[in-house]
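[1] Kindly generate the corresponding structure for this input.
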Amino acid sequence: MELAYIPSPSRGVIHLGPIPLRGYAFCIIIGVFVAVWLGNKRWIARGGRSGTVADIAVWAVPFGLVGGRLYHVITDYQLYFSEGRDWVDAFKIWEGGLGIWGAIAFGALGAWIGCRRRGIPLPAYADAVAPGIAFAQAIGRWGNWFNQELYGRPTDLPWALEITSSTDGRVPGTYHPTFLYESLWCIGVALLVIWADRRFKLGHGRAFALYVAAYCAGRAWIEYMRVDDAHHILGLRLNVWTALIVFLLAVTYFVVSAKKRPGREEIVEPGAADADGAVEGGDEADGEKADAEASERSEEVSEASDDSDDSDASDAESKKEAGDEAESAKKS
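    Model prediction:
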């Protein structure tokens, strides 16, 4: 009896003439758009201007891609610089290989530059985009499915992932779909942050810290299931240690921040409230001007009506006098 499983794509790229459409890159692009869209909605709800999130993303996204690639190349240098390998492959980002730790770190640096240029506090911006980043990761993980990479131990579960490629030492078979586990976990993290932010009014970077801590908690056990080559420290994969350390740092920040700066920022983008007030003030001024013009027109109509009444009365009196003179002449 053939077991049920999740099939892998036969190829991760489709060519439209000379243009290659790669599933890995496509997933990343969709994830970025979702993160910016949701971040913009949350930023406006916090009192910021529409478009600010996208403007800062112009800095954050390129930095994040560079950082994610650097982390991957440094921690898996043997894939590019060992004997028989071509170091040029280190630049082929479309073939997969982005470390989320480097992406978040460098992306935060890029966001800091963008926020500094706009006079915006980075923690407030990070809180707004945190759930969107989690959703972006959930979408981006499907790029690993297209590349048939980052799977777990062999399994015969009904949701096992079928690997058909034998490239780079892969052994065809059915394995735990760790890409799917992480994708679902990231969706749960995004929903958790949205709920907690609404319920507790998280501010000063605590929504972002919650996202980081929750993601690391899931990444630790998912990473433990993977079977691809990785560096080990004291029997644990490097990324497991990274997840544990970053988890502790995020929790520490959350607790300390809550004690030192409780509540949420009242102003997240200087000038945004003034701009809205100016628009409202302009509307009020226009309304007052319209009322004044209406009042003036009313007075003119009233005066015209009074003049008309006086004219009618004068005409009637003249007609009466003429009639009296005519009757007197008749009698004479």
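[2] In what element of secondary structure is Leu210 found?
    Leu210 is part of helix 206-225 when elements are defined by DSSP states H and E.
[3] Now do that helix, average pLDDT.
    Averaged across helix 206-225, the pLDDT comes to 96.
[4] counting contacts, what elements does that helix pack onto?
    The criterion is 3 or more C-beta pairs under 8 Å, 6 or more residues apart in numbering; DSSP states H and E, and the helices and strands that helix 206-225 contacts are helix 122-140, helix 178-200, strand 236-237, helix 238-260. Using the backbone N, CA and C atoms, a C-beta is placed for each residue, glycine as well.
[5] check contacts around Arg264.
    The neighbours of Arg264, taking C-beta atoms under 8 Å, 6 or more residues apart in numbering as the test, are 46, 201-204.
[6] Go again with 7 Å.
    201-203 (C-beta atoms under 7 Å, 6 or more residues apart in numbering).
[7] quick one: the helices in this protein?
    In order along the chain, the chain carries the following helices (DSSP state H): 23-45, 52-75, 78-81, 100-118, 122-140, 142-147, 178-200, 206-225, 238-260, 272-331.
[8] in stretch 195-206, what's buried?
    By 16 or more other C-beta atoms under 10 Å, the buried positions in stretch 195-206 come out as 196-197, 202-206.
[9] In PDB, list the C-alpha atoms belonging to that stretch.
    Once non-C-alpha atoms are left out, stretch 195-206 reads as follows in PDB (Å, rounded to 0.1, in the frame of the first residue of the first chain):
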ATOM      1  CA  TRP A 195      -3.900  39.400  19.700                       C
ATOM      2  CA  ALA A 196      -1.400  40.300  22.400                       C
ATOM      3  CA  ASP A 197      -0.900  43.800  21.000                       C
ATOM      4  CA  ARG A 198      -4.600  44.500  20.900                       C
ATOM      5  CA  ARG A 199      -5.200  43.000  24.300                       C
ATOM      6  CA  PHE A 200      -2.300  44.500  26.200                       C
ATOM      7  CA  LYS A 201      -1.400  47.600  24.100                       C
ATOM      8  CA  LEU A 202       2.200  46.600  23.700                       C
ATOM      9  CA  GLY A 203       4.600  49.400  22.900                       C
ATOM     10  CA  HIS A 204       8.300  50.400  22.900                       C
ATOM     11  CA  GLY A 205       9.400  47.300  21.000                       C
ATOM     12  CA  ARG A 206       7.600  44.700  23.100                       C
END
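[10] just use 748 as the starting number from now, easier for me
    Right, with 748 as the first residue, what we last looked at is stretch 942-953.
[11] if we look at that stretch, which residues are touching it?
    Counting contacts by C-beta under 7 Å, 6+ apart, the residues outside stretch 942-953 that touch it are 870, 873-874, 954, 957, 1000-1001, 1004-1005, 1008, 1010-1012.
[12] about what we covered before: name the stretch among the helices and strands packed on helix 953-972 that sits most buried.
    Each of these was scored by mean neighbour count; the highest is helix 869-887, a mean of 25, by mean count of other C-beta atoms under 10 Å.
[13] Next, the angle from that one to helix 925-947.
    Angle between the axes of helix 869-887 and helix 925-947 is 150 degrees (criterion: axes from the mean of the first three to the mean of the last three C-alpha atoms, to 10 degrees).
[14] got a list of contacts for helix 869-887?
    Helix 869-887 has contacts (C-beta under 7 Å, 6+ apart) with 774-775, 777-779, 781-783, 785-786, 789-790, 793, 800, 803, 847, 858-859, 862, 930, 933-934, 936-937, 940-941, 949-952, 954-955, 958, 962, 1012, 1015.
[15] tell me how far the helix holding Leu957 is from the chain's mean position?
    The gap between the average C-alpha position of helix 953-972 and the chain average comes to 19 Å, counting by C-alpha atoms, centre = their mean, to the nearest Å.
[16] Any buried residues in it, and which?
    Taking 16+ other C-beta under 10 Å as the basis for neighbour counts, the residues of helix 953-972 that come out buried are 953-967, 969-970.
[17] what angle sits between that helix and helix 985-1007?
    Direction vectors for helix 953-972 and helix 985-1007, defined by the same axes, to 10 degrees, enclose an angle of 160 degrees.
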